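K.L.:
Quick one, fold the following:
(one chain, ligands or ions: 1)
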Amino acid sequence: MLLFAVIHPMFSQSGKSASADAARPPGVTVLCGFLGAGKTTMLNHLLAQAEPGAEGRWAAIVNDVASVNIDAAVVRARAGGAAVREIVELGNGCVCCSSRDDLAETIAELAAGGPAGRIGHIFVETSGVALPRGVAELFTRKNPFGRSLSDFARLTALVSVVDAPHFLREWETSHAAPAVAADAARPVFELMVEQVECADVIVLNKCDLVDGGDDLARLEEIVRGLNRRAMLTRAERGQVPVELLLGRQRFDASATLSAASWIRVLNNLDTGEGAPAGAKPVARRAGAGGARPEDFGITSFVYRARRPFAGKKFRALLAEPGALPGLLRAKGFFWIGERPDEMGFLSVAGGATRFDFPGWWWAAMQERGIPGWEEPPENLRKIWLSPHGDRRQELVFIGVCLDESSIRARLDACLA
Ligand SMILES: Nc1nc2c(ncn2[C@@H]2O[C@H](COP(=O)(O)OP(=O)(O)OP(=O)(O)O)[C@@H](O)[C@H]2O)c(=O)[nH]1
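P.N.:
Predicted coordinates for the structure are as follows:
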């Protein structure tokens, strides 16, 4: 994999003086999206909107998973010889994980400017398998010396580019043939879903390849169900006006990283559940259309129980085609009788289901007398229930016209 930067004249931002811009660290727009979604196509379109001669410059960092950086070559060719100032090549890896340090270093170097002049804005195209959250953490997590990348550059927006027909196809396929994988690799569709869940702007690309308005409306319904905060826009060949992304701070560490509907429901951020009397659920405008998930019949609920599931029954339920009609996403903790000490984690994206056991219940560690686990932390003390402590079912379900009582009944039937 190669990673490289192209310096580009900066688009002029009206209403801002050059001195005010010079005092601020450059903004960074991160383009994420699954393999082939159209990130490079969109980046080229954005760079083509740069206005030569304006103050500052743009830089683009392109990350490709392949051993030859095809995307970088495409961007370089399109950017034009005169506009290209430097190429930075980095080692193999994805910028959301193994090559994070390389990405941070490259951004910091670009932000410092140097002989090629000041950089006003940086676009980062991640690889198709990158998780936006991993890139965002470069800006939000401080190192042991109290520094983070935000000391050098401002993350202004996480953009998720979605291949509209591919996403719809995966969605339908995963529902038609549900796959249940235990302790296995994560299904790729889950990655596509997570790229949508952690985003400030979602671009539904390749709309020219989707038949009719109904399919697009359905796709919007699904995407809004996953992330109601993000701005949502349709595009063909990545043709998005650059004004949509520049001149506005869309990334907000707390709001963006908890934008996923399942996180909002689990934490009672939208439902009003647990809120003070009289408090109303938060209804956010979701993008240009201003539609809300409720407008599409999207509902959600949390299933809670303090008895273990019979693992076989629980897995069989999730593997049964059509068992949970309308389900868009499910995520949360579960407890099964067969593995009483391990904390289960469930993720359903479309029809792709993943079971995981990422750790131990606090109560299990306490029962074994493991030093350091004597006292549960505050958040667990609130839900602690003798004799099983923090062992619980706590699952969020989000979907269109979900039959909550029937799903609850079916889950109850799985309890041991
Ligand atoms: N029909 C159609 N094709 C598109 C559109 N956008 C991109 N493409 C094509 O889709 C293919 C993939 O586009 P890229 O821009 O390379 O996608 P990418 O996300 O950068 O791909 P990776 O870097 O491999 O993840 C190319 O052949 C593009 O020409 C679109 O809106 N409509």
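K.L.:
quick check, the longest helix along the chain touching the ligand?
P.N.:
The residue-count maximum for a helix in the chain (DSSP state H) belongs to helix 212-226. No: among the residues of helix 212-226, none lie within reach of the ligand under Cβ under 6 Å from any ligand atom; the closest is 12.6 Å away. Backbone N, C-alpha and C define where each C-beta goes, glycine included.
K.L.:
just stretch 162-182 next, same as before
P.N.:
No: Stretch 162-182 lies apart from the ligand when judged by Cβ under 6 Å from any ligand atom; the minimum separation is 7.6 Å.
K.L.:
which other residues reach that stretch?
P.N.:
Contact with stretch 162-182 is made by 33-34, 36-38, 187-189, 192, 195-196, 202-207, 209-210, 215-216, 218-219, 222-223, 234, 315, 318-321, 349-355, as judged by Cβ atoms under 8 Å, 6 or more residues apart in numbering.
K.L.:
For the stretch 201-350 of the chain, which segments are assigned as helices?
P.N.:
The residue ranges that make up the helices of the stretch 201-350 of the chain, judged by DSSP state H, counting those that start in this stretch, are 212-226, 253-257, 261-266, 311-319.
K.L.:
and the residue lying closest to Gly238 once chain neighbours are set aside, which of the three is it?
P.N.:
By the measure of Cβ to Cβ, 6 or more residues apart in numbering, the closest residue to Gly238 outside its immediate chain neighbours is Met42, 2.8 Å from it. Using DSSP: H, G, I helix; E, B strand; the rest coil, the secondary structure recorded for Met42 is helix.
K.L.:
Against the ligand, how distant is Met42?
P.N.:
Distance, Met42 to the ligand, by Cβ to the nearest ligand atom, to the nearest Å: 7 Å.
K.L.:
That residue is in contact with Val242, isn't it?
P.N.:
No: checked against Cβ atoms under 8 Å, the pair Met42 and Val242 is beyond contact range at 10.3 Å.
K.L.:
Show me which of these two is the more surrounded one.
P.N.:
A count of neighbours by other Cβ atoms under 10 Å puts Met42 above the other of Met42 and Val242, at 24 against 19.
K.L.:
show me the contacts for that one.
P.N.:
When the contact criterion is Cβ under 8 Å, 6+ apart, the partners of Met42 are Leu31, Val161, Val203, Asn205, Ala235, Gly238, Gln239, Val240.
K.L.:
May I have the predicted confidence score for it?
P.N.:
As predicted, Met42 sits at a pLDDT of 93.
K.L.:
which residues does Phe397 bridge with?
P.N.:
When bridges are assigned using DSSP bridges, the partners listed for Phe397 are Phe301, Ala330.
K.L.:
Would you mind measuring from it to Val302?
P.N.:
For Phe397, the distance to Val302 (Cβ to Cβ, to the nearest Å) stands at 8 Å.
K.L.:
what about the residue lying closest to Glu194 once chain neighbours are set aside, distance to Leu232?
P.N.:
Among residues not flanking Glu194 along the chain, Leu131 sits closest, at 5.8 Å (Cβ to Cβ, 6+ apart). Counting by Cβ to Cβ, the gap between Leu131 and Leu232 amounts to 20 Å.
K.L.:
Tell me which of these two has more neighbours.
P.N.:
Leu232 (23 against 18).
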